[in-house]
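In: what shape does this take:
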Amino acid sequence: MASSPGEPLARFWCIGLRNAAQAPPARRRPGPEIPSPRGISWLGRAERSVPVRAARVKNNSSGLDRERMDRRTIRVGQALDMLSSLEDFDPVRTALVGASFDDPDHSWGASELYRTVESRLLDVEALEGEIPRLVREEATRLERVWRQTAEALRALAAGDPAGAARALVAAGEAEEEAGHADAAERLYGRALELGRKPRDRSPEGLALRRLGRLAKARGELATAIRYYRQGYDIAEAQRDAEGRVIACQGLGNCHVDEGRWDEAERWYRRGLELVGERPVRERWQIESNLSIVTRRAGELEASGRWLTMARVTVASSGDREADVYLANAEGLLRVAEQRLDEAEAVYNAALNAAGSPAARATVLINLAECLLLQGRAAESAEVTREVERIAIAHRLHPFLLHVYLGLGAAARATNDPDALVFYEQALTLARAGGNASEVAHVLREYALQERAQGAIESAAARLHEAAELFGRCGSRVELEATMAELDALIN
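Out: Down below sits the predicted model:
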């Protein structure tokens, strides 16, 4: 799903499912919006054309899996441990998960219910068969980066530092898309240095917005806000309307993650003013973001109005890619309104509009939450397993974090002590992904499960770490909620 040039729609992951049916709409953490593929680390992409309904999956083990077991196999967890400290091995880590399969010996009984990606078996021969493809993809990326580097040098030799800065930003984008955030940051930083020298400072503003995007992806909200604000100021001085709109979206998204609804709405509205009345993609995206932030603030009527405006804009623009965004947003609004039957129907309709595995997985995560809110834990778990299948088949591994949080929530809803298996896997994935905010969310959910099982000391330690991370990220609302839970636990 394409997004605006440089900044995706605001998106909020389905992380806080505990006591969701009783929590007020403004406090319950909603499910995800349609995600952008930018800045995704490996842990951090089986489609079905019909709505996913309640059903118990039959065992899928086959003679093929038995044949694969006769070849060289190893547990995925062992393979990942071996590669954990090796740099630049993300493509191999991604490929080995895709080359894995469920252990047929554990396809029946209780072990099937608690399987995670690390318990799968890796077909080493299948991984070896993927190496030529990985080499081609890496060669394509390197060629793109190095060609842009050469272009930057050419521009610099011609006395065009602005052109050199633009080329370095393009090289950084190639690294960012490949999940190489550190390399991208270095290239953006060098572009920023070059962009400050020429009279045309638009490359400087572009580099600042890219640095803001990277910082937000890491959960470094204060840093991201500083970069976006500087980028906005430069775009304003350069009369760069597009750059200002993108900076407004980035600032709004960051303030939403902070829980500063008024500030987020202010920046989104400013972006909307800059876009004007033209029925362009940026307009419906900002209207959708305004629907999101007002919903998060508990202003459900206002959220509905903004969503209606976004639909009108889409109808005028003919942008059919927006359908799944807006259907998903409507489902989240219906959940916030406690109209769960309607939300379920909307999500099933959204699945028909999902044009990519990532969009489909996002809607399924929200459908699973909706089912859980209705007390249908087994169905919720099955829908979540469908997300797991999509994530593995299509190399959408960031979704696995939310898979295991969802499975943990479904297990907790039935007072299953083995929910800890899923939270432990989610925590491993979150730490590997490097986003402090995601780690904090998992720690909080893990702590609440431990509290339910009487492990008070361990739960308190996890809540304390989560609070520190939320504070470091600047997530005010999440910090306050976590501190309240910690106080209730120890007092």
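In: could you point out which element follows the top helix by length along the chain?
Out: Longest helix in the chain, counting residues (DSSP state H): helix 124-157. The C-terminal neighbour of helix 124-157 among helices and strands, as given by DSSP states H and E, is helix 161-177.
In: just the pLDDT at Pro279, thanks.
Out: What the model reports as pLDDT for Pro279 is 73.
In: typo on my end, it should be Pro32
Out: Taking Pro32 on its own, its pLDDT is 60.
In: do the one 3 residues further on as well
Out: We note a pLDDT of 43 for Pro35 in this prediction.
In: got it, and Glu130?
Out: 89.
In: next up, the contacts around it.
Out: Neighbouring residues of Glu130 by Cβ atoms under 8 Å, 6 or more residues apart in numbering: 95, 98-99. Heads up, the C-betas are built off the backbone N, CA and C, glycines and all.
In: show me the domain layout of this protein.
Out: Following the assignment in the TED database, the chain carries domains at 320-393, 416-490.
In: deepest in the core, which of those domains is it.
Out: domain 320-393 (a mean of 22; mean count of other Cβ atoms under 10 Å).
In: what is the mean pLDDT for it?
Out: Averaged over domain 320-393, pLDDT sits at 94.
In: swap in stretch 200-218?
Out: 94.
In: can you pull the buried residues of that stretch?
Out: 201-218 (16 or more other Cβ atoms under 10 Å).
In: repeat for stretch 310-321
Out: Neighbour-count burial for stretch 310-321 [16+ other Cβ under 10 Å]: 310-311, 313-314, 319, 321.
In: residues in contact with it?
Out: Outside stretch 310-321, the residues that reach it (Cβ under 8 Å, 6+ apart) are 1-2, 279-281, 283-284, 287-288, 291, 322-323, 326, 329, 355.
In: and those, which is closest to Gly163?
Out: Ala2 (26.1 Å; Cβ to Cβ).
In: picking that back up, now render the domains of the chain as TSV, adding distance to Leu187.
Out: Putting the domains of the chain into TSV (distance: least, Cβ to Cβ, whole Å) gives the following:
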stretch	distance to Leu187
domain 320-393	26
domain 416-490	18
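In: now, the buried residues of stretch 310-321 that are in strands?
Out: Using DSSP state E, no member of the buried residues of stretch 310-321 falls within strands.
In: now those in CSV, with distance to Asp487?
Out: Output for the buried residues of stretch 310-321, formatted as CSV (distance: Cβ to Cβ, whole Å):
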residue, distance to Asp487
Ala310, 40
Arg311, 43
Thr313, 45
Val314, 45
Asp319, 47
Glu321, 45
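In: show me these that map onto helices.
Out: Among those, DSSP H puts 310-311, 313-314 in helices.
In: just checking, Ala343 touches Gly331?
Out: Yes - taking Cβ atoms under 8 Å as the definition, Ala343 is a contact partner of Gly331 at 4.8 Å.
In: mutual contacts of these two, please.
Out: Cys370.
In: Glu263: what's its closest spatial neighbour, skipping adjacent residues?
Out: His255 (4.2 Å; Cβ to Cβ, 6 or more residues apart in numbering).
In: and the strands in the chain?
Out: Under DSSP E, the chain gives strands at 73-75, 100-101, 121-123.
In: that older thread, for Ala410, which of the domains of the chain is the nearest?
Out: Closest to Ala410 of the domains of the chain is domain 320-393 (Cβ to Cβ; 4.1 Å).
In: please state the offset of the closest one from the chain centre?
Out: 15 Å (Cα atoms, centre = their mean, to the nearest Å).
In: between the two ends of it, how far is it?
Out: In domain 320-393, first residue to last residue: 26 Å (Cα to Cα, to the nearest Å).
In: in the longest helix of the chain, what counts as buried?
Out: 124, 126-127, 130, 141, 144-145, 148-149, 151-152, 155-156.
In: break down the stretch 251-400 of the chain into its helices, ranges please.
Out: For the stretch 251-400 of the chain, the helices defined by DSSP state H, counting those that start in this stretch occupy 261-275, 281-296, 300-317, 322-336, 340-353, 357-373, 377-393, 398-413.
In: just give the closest residue to Ala178, not the sequence neighbours.
Out: Ala178 sits nearest to Arg141 (Cβ to Cβ, 6+ apart), 5.2 Å away.
In: same question, Leu405
Out: Leu405's closest residue in space is Ala426 (Cβ to Cβ, 6+ apart), at 5.0 Å.
In: residues in contact with the one you found?
Out: 401, 404-405, 408, 442, 445-446.
In: how about the closest residue to Leu427 other than its chain neighbours, what does it touch?
Out: In space, and not counting its chain neighbours, Leu427 is closest to Val442: 4.9 Å by Cβ to Cβ, 6+ apart. Val442 sits next to 15, 401, 405, 423, 426-427, 430 when contact means Cβ under 8 Å, 6+ apart.
In: same check, this time on Val76
Out: Contacts of Val76 (Cβ under 8 Å, 6+ apart): 96-97, 100, 117-122.
In: can you rerun that using 7 Å?
Out: By Cβ atoms under 7 Å, 6 or more residues apart in numbering, the contact list for Val76 reads 96-97, 100, 117-118, 120, 122.
In: residues touching Leu396, list them.
Out: 45, 357-358, 361, 390 are the contacts of Leu396 under Cβ under 7 Å, 6+ apart.
In: so which of these comes closest to Ile246?
Out: Ala358 (21.4 Å).
In: just checking, Val324 touches Ala354?
Out: Yes - using Cβ atoms under 7 Å, Val324 makes contact with Ala354 at a distance of 5.0 Å.
In: spit out the residues that contact those two alike.
Out: Contact criterion Cβ under 7 Å, 6+ apart; residues bridging Val324 and Ala354 by contacting each: Val363.
In: need the helices of the stretch 251-400 of the chain in CSV (columns: distance to Arg196).
Out: Below are the helices of the stretch 251-400 of the chain laid out as CSV (distance: least, Cβ to Cβ, whole Å):
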stretch, distance to Arg196
helix 261-275, 24
helix 281-296, 27
helix 300-317, 37
helix 322-336, 36
helix 340-353, 44
helix 357-373, 36
helix 377-393, 41
helix 398-413, 34
